[in-house]
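Peer 1: fold the following, please.
(chains A and B)
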Amino acid sequence: MPTWLESIPSELAWPLVCVIAFALAEFLSRSIRLPRISTYALIGFALGGAQLGLLPERPSKAMVLLANVAFGLLLFECGYRINWSWFRRNPWMLVISLLEALLTFFSVLMIAQEFGLAPMSALLLASLAVPTSPATVIRVIHETRASGQVVERLLHFSALNCIYAVLLFKAMVGWHLYQRSGAWWDAGVASLWVVFGSALIGAAFGTLLPALLRALKRTPRDSDLVLILGLFVAVGCSQVLDLSSIVVSLVFGMVVRSQGVILAARHRDFGVMGELLSLFLFVFVAATLNINAVLAGIGLAVLIVMARLGSTMLVTTGLATLSGSTYRKGALVGLAMAPMSAFVILLLEQTPEIGPKLVNEIPALAALVLSMEVLGPFLTRLSLKWAGETEEEV
Amino acid sequence: MPLQEFTKSEALTMGVELELQLVSLSDFDLNSASPDLLNLLQRAPFPGNVTPEITSSMIEVCTTVQHRYEPARAQLLAIRDALVKGGDRLNVGVCGGGTHPFQMWSEQRIFPKPRFREVSNLYGYLAKQFTVFGQHVHIGCRNGDEALRLLHGLNRYVPHFVALSASSPFVQSTDTQFHSARLNSVSAFPLAGRAPFVLSWEEFANVYFTKMERTGVVKSMKDFYWDIRPKPEYGTIELRVCDTPLSVEHAAALAAYLQCLCAMLLDRQPPLAEDDYLVYNYNRFQACRFGLDGQTVHPRDLNLISIREDILATVRELAPYAYSLSAEAALERIEAVIRDGNDAQRLRTVYDRSGSAEGMVQAAVGWFRGAT
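Peer 2: Modelled structure (predicted):
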C-alpha cells in the first residue's frame, strides 16, 4: 500500500471510498454512460484490501451486516415484485426457468471438470453460476427506469434462479460436510435448517410487519421506515443464527406482498437510503476480491461466462414464442440475465462452514465475479435498451 | 384542404372505442407493454379492432359497427377476453379507469421522437399530463345536418355521460375530490370544449372550418378536442366525454344509452338554441366534480336539478326507444349505477379499505376481468 494511503485513518476509509465511488460514477455515467454500479465495483476492487488496500482485507461483522441489509433491500423488492400467479397462468415461464438453471449448472460443471477442478469445487462453482444477481438487475432497472416484457421476465427468472441457487449451494455444502465428517444426518439437517429456518424467519417478518403497520395505521407512504427497520432486524437475526439472509429477505418481500401491503411505486427502491446502501454494496463486493486470484482464473472465467450466457440465451430464446413472447425478446431476456456477482459473494459470506475465502480459492470465481460485476450491468442495460424498454437513451 | 364530404351512415348505428391501461401485475404501475401484447394478439383473430397509442402503456380497442346493445356488448366481452388471455401470458393487467391513480406525470418522459418533442414543446406539462383514458362512442348519421342537430341536441345530456362514466378520482396518488379528473386534463387544451353552434353541414364545412383552417390553427377535424365532434369520414358524431369505465359491460350500456337518446332526439326534433350552452360549462363541471350528486341547471326552464334525478327521469322517457332498439337491459344497468354509485365511488371505497392507490389498480384489473 502506498504510504500516503496508510496515513488515512481507518475510520475514514469507508466514507472516503464511498465518496470517490459516487463522484466517479456520476462523472463516468455522464461522460461515457457507464452504469453507475460498474464504476462502484471498479473503485471497490482498486481500493480493496488486496490491491491498494485502503479498505481492510477482511470486512468487519458490522460491514457484512450492512452489506447483507443492502442486498436484503434489493432482494426484498425482487421478492415483492414476484407475481406467483403468472407461473400458474403461463407454465412455460416455469419450464424456461428450470431448464435454463439446469443447463447452466451442467454446462459449467462440465467445463470445470475439463479444467481439472476437484469434484467438490466444480459442483460449488456450477451452483454459484446459476443465479442472476437481483441486486444488479434491480439497480439497472431503476437507473434506466425501464418497463416492459423483458423487465418482467428478467425479474421473475432472477428471483427463481436465486432460489434454485441457494438450494443447490446448500445441498452441495451439506454434501461437502458429509464427506468431511461422515455424519450425513448432521450435514443434512444443517443444510435444511438454513433453507427452511431462513424461509420461516422471512415469512414471520412478512406476516408480523404488515399486521404492525395496520395496527399503527400507517399509510403505505410512510411504511418504508418500518419495513427497512424490519429488514434490518431480520437480516441481523439471520446473521446471528447463521441463516441465509438471502432467503430471509426474498421470502420477506414475497410474504409482505401477499399480505396486501402495497409499496408506493416511488418508494419501492427505498429512495436515497436504498441508493446509498447499493453504492456501499457494490463497492463492498468488489473489495473482497484479490487481483492474483482474478488473474489466475481469467481463462476459465471467460469460458464460464460464455457457457452461462449461451445456456441461458438458448433456453430463453428457444421457448420464447411458446411462452407468448418473441425470439428477439427471448434472446434479450437471456442477455439481461448475465449479472451474478453480488449474490455469489454474499452467499459465500453466509456460509461459514465453507468460508468466504472460497472466492479466492476456487479458480475462476474471483475473475467471474469481477467481470460480471463490471460487465453485468452493462449487458443488462444494453439488453433493455435494445428491447426498447428503457426511458433514456443509453 | 377543404373538409371532406360527410359520409352517409345508417342512422343510430354505433361503435365503441376504449382506451385501456396496461399495468404490470407485479406492481400495478403503468407498463410499456403494448408492443408485446399487440404482437401476441396478432397470432389469433381478434374480435373488433386493436391499435397502439402514443404511449406504450395504453392500448385502444374498438368494436365493429353495431346496431343493437346485445351484440355490441357481446363483442366487447369477446375483446375483453382476448385481452385478458393475452395479458395473462405476459404478466400484464388490462383495466379501465380515466386516469392511472398513481403514475407521476412529472416522471413521464416524452419519447425522443421529433413529433413528440414538438408536442411537448408546444404544450409543456400538458403533454405529459395527457396520459388519460377515455371511452368514445360513435353514432351513425344519415347526413351532416342530422349529425350537427344531434350533436347540439345532446349538449344538455353531456353531464349524464360524465357522471355515469366517471372513473378518475385520483391523480398522482392524491384524491382530487373530482369524480372525473380526466376531463380537467382534456379541458386544458386550447381547442377543447364544445363545437360552435352551427346547424347546417354546408355552413360548418365551408364557412366555419374554412375560416379556422385559414388561421393555421387547425388542419383537420382531429385538431378539435371537442366533447362531441362530427366525424365526416365515418359519417358519425363522436361523444368523447366518458372516462373508460371499469367494465366493458358498463361501456356497452353507456353506448346504448347514447343510442336511445339519439333515437329520441331524432324522433322529437326538439328546438335548439345557442343559449342552451349558457349553462353548459357549469353543468359539466358539476358532473366532473360531484358525479351523480352534481346539481345542474336545466338550460330551458333554468331549474336546479340533481344529475341523478335527471338521469332517472330521462331513462323513463327513453323506455319506448329502448324497447324498439332492444336496449332495455342497458337502461337497467344505467339505473343500477344510479343506485349503487359510479366507478369513481367504487374506486374510493377500495382506497378507504386498502389505503393505497395500488390497491385501486388491483381492484380495477379484477373488475375488468369480470369480478364483481
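Peer 1: A:Pro363: what's it in contact with?
Peer 2: A:Phe115, A:Leu117, A:Ser121, A:Ala293, A:Ala296, A:Gly297, A:Leu300 (CB atoms under 8 Å, 6 or more residues apart in numbering or on different chains). To be clear about C-beta, it is placed using only N, CA and C from the backbone, and glycine gets the same treatment.
Peer 1: and it, what's its pLDDT?
Peer 2: Looking at A:Pro363, its pLDDT is 76.
Peer 1: and it, how far from A:Met110?
Peer 2: 16 Å (CB to CB, to the nearest Å).
Peer 1: packing partners for whichever helix or strand B:Ile79 is part of?
Peer 2: In this structure, B:Ile79 sits in helix B:69-90 according to DSSP states H and E. Where contact means 3 or more CB pairs under 8 Å, 6 or more residues apart in numbering or on different chains; DSSP states H and E, helix B:69-90 is packed against helix A:84-89, strand B:14-24, helix B:34-41, strand B:58-62, strand B:92-95, helix B:248-268, helix B:328-340, helix B:357-369.
Peer 1: mind running it again at 6 Å?
Peer 2: helix B:34-41, helix B:248-268 (3 or more CB pairs under 6 Å, 6 or more residues apart in numbering or on different chains; DSSP states H and E).
Peer 1: give me the mean pLDDT for the last one.
Peer 2: Same thing as helix B:248-268. Here the average pLDDT along helix B:248-268 is 97.
Peer 1: can you give me the buried ones in that helix?
Peer 2: B:248-266 (16 or more other CB atoms under 10 Å in any protein chain shown).
Peer 1: buried set for the one helix or strand B:Tyr323 maps to?
Peer 2: Here B:Tyr323, judged by DSSP H and E, is contained in helix B:319-324. Going by neighbour count (16+ other CB under 10 Å), the buried part of helix B:319-324 is B:Tyr321, B:Ala322.
Peer 1: repeat for stretch A:328-340
Peer 2: A:Lys329, A:Gly330, A:Ala331, A:Leu332, A:Val333, A:Gly334, A:Leu335, A:Ala336, A:Met337, A:Ala338, A:Pro339, A:Met340.
Peer 1: contacting residues around the last one?
Peer 2: Contacts of A:Met340 were listed using CB atoms under 6 Å, 6 or more residues apart in numbering or on different chains, and they are A:Pro131, A:Ser133, A:Met372.
Peer 1: equivalent analysis for the fifth one, please.
Peer 2: By CB under 6 Å, 6+ apart, A:Val333 lies in contact with A:Val150, A:Arg153, A:Leu154, A:Thr316.
Peer 1: just checking, it is part of a helix?
Peer 2: Yes - if the criterion is DSSP: H, G, I helix; E, B strand; the rest coil, then A:Val333 is within a helix.
Peer 1: do you know how far it is from chain B?
Peer 2: Computed as CB to the nearest CB, to the nearest Å, the A:Val333 to chain B distance reads 12 Å.
Peer 1: let me know the pLDDT of that residue.
Peer 2: pLDDT at A:Val333 comes out at 97.
Peer 1: over to the first one?
Peer 2: Confidence per residue is given as pLDDT, and for A:Lys329 that number is 95.
Peer 1: show the backbone phi and psi for it.
Peer 2: phi -70, psi -30 (degrees, to the nearest 10).
Peer 1: residues contacting it?
Peer 2: A:Gln149, A:Val150.
Peer 1: follow-up on the earlier one: just put the contacts of A:Val333 in CSV and tack on neighbour count.
Peer 2: Below are the contacts of A:Val333 laid out as CSV (neighbours: other CB atoms under 10 Å in any protein chain shown):
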residue, neighbour count
A:Val150, 31
A:Arg153, 27
A:Leu154, 31
A:Thr316, 29
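Peer 1: helices - which of those land there?
Peer 2: A:Val150, A:Arg153, A:Leu154, A:Thr316 (DSSP state H).
Peer 1: look up the closest residue to whatever residue of the stretch 201-350 of chain B ends up closest to chain A, ignoring the ones flanking it.
Peer 2: In the stretch 201-350 of chain B, the residue that lies nearest chain A is B:Val350 (11.4 Å; CB to the nearest CB). The spatial neighbour of B:Val350 that comes closest, neighbours along the chain excluded (CB to CB, 6 or more residues apart in numbering or on different chains), is B:Ala363 at 4.5 Å.
Peer 1: roughly how far does the residue located most distally from the centre of chain B sit from B:Asp223?
Peer 2: What lies farthest from the middle of chain B is B:Arg214; by CA atoms, centre = their mean that is 29.9 Å. Distance of B:Arg214 to B:Asp223, computed by CB to CB: 14 Å.
Peer 1: same thing with B:Leu292?
Peer 2: From B:Leu292 to B:Asp223 the distance is 33 Å (CB to CB).
Peer 1: of these two, who's got more company?
Peer 2: Ranked by neighbour count (other CB atoms under 10 Å in any protein chain shown), B:Leu292 and B:Asp223 place B:Leu292 first, with 24 against 13.
Peer 1: remind me which residues of the chain are low pLDDT?
Peer 2: In the absence of a named chain, this looks at chain A. Low-confidence segments of chain A (pLDDT under 70): A:1-6, A:218-222, A:260-269, A:352-353, A:355-356, A:392-394.
Peer 1: was after chain B, sorry
Peer 2: If you take pLDDT under 70 as the line, chain B has these spans: B:105-113, B:115-116.
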